[in-house]
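>>> Give me coordinates for this.
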Amino acid sequence: MSVAPPEPRRRAPQSAPPTAPHEPSPHERSSRERSASRPRAALLRRAAARLGPADREVLWLYLLTRISIWITAYCVRWLFPGSPDTRETDSLLAPFRQWDWGHFLHIARDGYFPAHSGPWVSGWDNREAFFPGFPLALRAVHAVVPGWTASGLLISFAAGAVAVVALARIARLYLPHTDAGRRTVLFFLLSPCAIFLAAGYTEALFLAFALPAWLAAQRRNWPAAAVLTALATTVRISGLFVAAAIGLHFLLTARTRRQWRSLPWTFLPALPAALYSWYLHGYTGDWMAWKHAQERGWYRTFHTPWEAWSTTWQGAFDGTQATGYAFMFQAELLAMLLGVVLLGLLLWRRRWPEAAYLGLTLWALGTSYWFMSVPRSTLLWWPLWIGLAAWSLRRPRVKAVYLCLAAPLSAVFALTFLTGRWAG
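Model prediction:
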């Protein structure tokens, strides 16, 4: 009978002597950083997965047109150089610092009413005429991006990408053709005033909210449409016109009691405008400070449409303005005619919500001392670009005619703006 060997004694574990904390190697630190970045990369991959091939094609087209504008701006520095004493260290971006950009910069950097300056110190530059959405975004981005101009351009670049994807998707809802979205975006990006989508202006950011809002309304997602429209209203007063169109669309399409429960959402976009008026009243004592700033700076006092037409006609053809201003007044008249024709077509096709949006826009722009910024406003008329795409799908020559006419005009407007001349 064999006997099993005795089990060896187990020694009590001894605690390891204290050592200095382990210092991770550069390789370990980089591995940890890569691990931490994986959730962000996953979010980006999921976001990219939501973009279909048609969306990616639109974004590629958008990128190509941005490159063409940047090349134009770069060449402007050499073709139209400023005086050596006025050049700045970041002169590569200097062509984009024109006109309204100064207002947005002052608001983002100093606020509407800088401290210890009195209630009306900002009246000299009428900065109250600009809604706070873009300046707030500019200040937020500038916390990460050092340059103010670069921050503004980055906002417009990102917002423009969102806008063109939304525009293409709206076009595909209206038009069953596979090329509808790309063609609509092509016409939009080559429009004469497309330079304002690339500059640090409000058009791109406004469309980044307004177009997804309209897309959400078409899909009966009323809370999302209301929130996005409210964000658009923080950028431009035109957000209220979008809200009116969405509200009318709601009244025309709501059928069930459950849908009617979303009615209060349609009033949300009025809140930003009300809060802004309340804020200005706290400093100026004037509930209409925004409108009065518009009147002081841009002669937006009420006049009948025929009076505004007459005044603009005089500036365009009577020799009372310099050549550059006269040319822009001619563009104002042409854009107003285009808007009236488009409004008539929308009414004829019984597109009541879109007609309401365009009609309110034309009334706001056409009832001041003269027409101003109407060509720029065409960027916000998404029915125009979808209508042009639909027309070109029926008549293929329309596309060639449009490109041949719009491309040189787009270059002229871009050079006009980038060289500091008035571009509407």
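>>> could you give me the average pLDDT of stretch 133-149?
Mean per-residue pLDDT for stretch 133-149: 94.
>>> and it, which residues are buried?
For stretch 133-149, burial by neighbour count (16 or more other C-beta atoms under 10 Å) applies to Gly133, Phe134, Pro135, Ala137, Leu138, Arg139, Val141, His142, Val145, Trp148, Thr149. For every residue, glycine as well, the C-beta is placed using N, CA and C.
>>> so the third one sits right up against Ile107, yeah?
Yes - between Pro135 and Ile107 a contact is recorded at 3.9 Å, counting by C-beta atoms under 8 Å.
>>> now for the one helix or strand Leu251 maps to, which elements pack on it?
When elements are assigned from DSSP states H and E, Leu251 belongs to helix 238-253. The contact analysis (3 or more C-beta pairs under 8 Å, 6 or more residues apart in numbering; DSSP states H and E) places helix 238-253 against helix 203-218, helix 222-235, helix 270-284, helix 352-366.
>>> I'd like the next helix or strand past that helix.
Beyond helix 238-253 on the C-terminal side, the first helix or strand identified by DSSP H and E is helix 257-260.
>>> Give me the contact list for that next one.
By C-beta atoms under 8 Å, 6 or more residues apart in numbering, the residues outside helix 257-260 that reach it are Arg220, Trp222, Thr253, Ala254.
>>> ok so, going back, from the buried residues of stretch 133-149, which ones fall inside helices?
Per DSSP state H, helices hold the following members of those: Gly133, Phe134, Pro135, Ala137, Leu138, Arg139, Val141, His142, Trp148, Thr149.
>>> how many other residues sit next to the nearest residue to Gly319 once chain neighbours are set aside?
Closest residue in space to Gly319, ignoring its immediate chain neighbours: Ala326 at 7.6 Å, by C-beta to C-beta, 6 or more residues apart in numbering. Using other C-beta atoms under 10 Å, Ala326 has 17 neighbouring residues.
>>> Wait, Ala326 touches Trp313, no?
No - in this structure, Ala326 is not within contact of Trp313 by C-beta under 8 Å, at 10.7 Å.
>>> quick one on the thing from earlier: just the buried residues of the contacts of helix 257-260.
Among the contacts of helix 257-260, those buried by neighbour count (16+ other C-beta under 10 Å) are Trp222, Ala254.
>>> Let me have the contacts of helix 257-260 in JSON lines, extended by pLDDT and distance to Pro269.
Below are these laid out as JSON lines (pLDDT from 0 to 100; distance: C-beta to C-beta, whole Å):
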{"residue": "Arg220", "pLDDT": "92", "distance to Pro269": "17"}
{"residue": "Trp222", "pLDDT": "95", "distance to Pro269": "12"}
{"residue": "Thr253", "pLDDT": "92", "distance to Pro269": "18"}
{"residue": "Ala254", "pLDDT": "88", "distance to Pro269": "17"}
